[in-house]
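J.: sequence and predicted structure below; questions after.
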Amino acid sequence: MPSVFDVLSKDHAKVKRMLAELETGPTGATGADQMELMVRKRMVGELVIEESKHEAVEEMYFWPAVREHLANGDELADTALLQEQEGKQVLDELDRLDASQPEFEVLLASFVKDAREHVAYEENKVWPGLAAVLTAQESSDLAAELEHGRNTVPTRPHPGVPPQRGVLKGTGPITAAADKLRDAISGRGWG
């Protein structure tokens, strides 16, 4: 059974790959044609989906575990949740913009930088302390919650929804269903 850190590492690796591709890809400013800009927008759509799901399951399961198990868990979780809320706002704006708009690349560059800092914060500041106090069974149980939770969380950022476990568990499945319907209608995230 994978540990919570295995599950989160897999998510982080996927997001890091996406960020690297977006960072080096053609842009409107570098002469990208319309097809390349459509691909770029689609890639950002995939990033939005992955980040939205990742942050939602962390808010529902991981950050409550950090608060419960670490003496400085409230401080660590509050810092991370603030970073995640700011990221959701940027992703929400990016999702609404066209890749040909100059604001798109400005926001994307900002998100790439902030996302890398957030991943480093989690991996270097939070994970070592939590890894030291969780039993193997607790870590596996938390991993299972994260993996199961991915099926019932939104695929779009919702910066107006408070990142509180009870709120997310109550609204998450309804919001996720609405997001998935919007995704199906728009073709977003479907290949």
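T.: Received, thanks.
J.: buried ones in the helix or strand in which K113 is found?
T.: Using DSSP states H and E, the secondary-structure element containing K113 is helix 102-121. In terms of neighbour count (16 or more other CB atoms under 10 Å), helix 102-121 has its buried residues at 104-105, 107-108, 111-112, 115, 118-119. To be clear about C-beta, it is placed using only N, CA and C from the backbone, and glycine gets the same treatment.
J.: which residues outside it are in contact with it?
T.: Surrounding helix 102-121, the residues in contact under the criterion CB atoms under 8 Å, 6 or more residues apart in numbering are 12, 15-16, 19, 22-23, 27-29, 44, 51, 79-80, 83-84, 86-87, 90-91, 93-94, 97-98.
J.: of these, buried ones?
T.: Among these, those buried by neighbour count (16+ other CB under 10 Å) are 12, 15, 19, 22, 27-28, 44, 51, 80, 83-84, 87, 90-91, 93-94, 97.
J.: just the ones of those residues in helices?
T.: Counting by DSSP state H, the part of the buried ones among the contacts of helix 102-121 found in helices is 12, 15, 19, 22, 44, 51, 80, 83-84, 87, 90-91, 93-94.
J.: from V106, how far off is D33?
T.: Going from D33 to V106 by CB to CB, to the nearest Å gives 21 Å.
J.: and for M1, the neighbour number?
T.: Look at M1: counted by other CB atoms under 10 Å, it has 10 neighbours.
J.: pLDDT score for the closest residue to it other than its chain neighbours?
T.: Spatial nearest neighbour of M1, excluding adjacent residues (CB to CB, 6 or more residues apart in numbering): S140 at 4.1 Å. Here, the pLDDT recorded for S140 equals 97.
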